[in-house]
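Colleague: Pasting a predicted model and its sequence here:
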Amino acid sequence: MLPIETERGTKWLASGGVRPTRQRVALASLLVGDGKNRHVTAESLFASVKDTGEQVSLATVYNTLRAFCDAGLMQEVTVDGARSYFDTNTHDHPHFFWEDEGRLTDAPAEQLEIARIPSPPEGAEISSVNVVIKLRKT
């Protein structure tokens, strides 16, 4: 019998049609093994997987996160146009970005009200709207 974390990770991969290689299962288990949603950077996930003793390169972590996003298992949230976070909660919801800590967390979706957004240019459609609210400690 597989440990619960590995079992959850394997099922999560299967739900996105992602082939469960050893490295993908290790990363998936870290991301969803406890049943909670995560906001990670490639670097933070790389550090976590190294702590487990699993041999995974940073390039593999980046490629795997991209594959998870392509499969619809995660969404990428870009902050400041350069810093990418990866979120296991794929439902539309806003985020808080804690500038002092470089940390991304969920913001309460029920408190967000968007009355209107601009119409897309002709020949284009809106694929998503990302709301990132930047915070700094007072």
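Modeller: Sure thing, it's come through.

Colleague: Just name the shakiest helix or strand of this protein by mean pLDDT.
Modeller: helix 4-15 (a mean of 90; mean pLDDT, DSSP states H and E).

Colleague: List the buried residues for that helix?
Modeller: Buried residues in helix 4-15, counted by 16 or more other Cβ atoms under 10 Å: 5-6, 8-10, 12-13. Using the backbone N, CA and C atoms, a C-beta is placed for each residue, glycine as well.

Colleague: And stretch 57-70, by the same measure?
Modeller: So, applying 16+ other Cβ under 10 Å, buried residues of stretch 57-70: 60-62, 64-65, 67-69.

Colleague: Considering these, which is situated nearest to residue 82?
Modeller: residue 62 (14.5 Å; Cβ to Cβ).

Colleague: didn't that closest one look like it was pressed against residue 40?
Modeller: No. Assessed by Cβ atoms under 8 Å, residue 62 is found out of contact with residue 40, at 11.7 Å.

Colleague: which residues are in contact with the helix or strand where residue 61 lies?
Modeller: According to DSSP states H and E, residue 61 maps onto helix 58-70. Contacts of helix 58-70 with the rest of the structure, by Cβ atoms under 8 Å, 6 or more residues apart in numbering, involve 16, 18, 23-24, 27-28, 31, 40, 42-43, 45-46, 49, 74-76, 86.

Colleague: Toward the C-terminus from that helix, list the very next helix or strand.
Modeller: strand 75-79.
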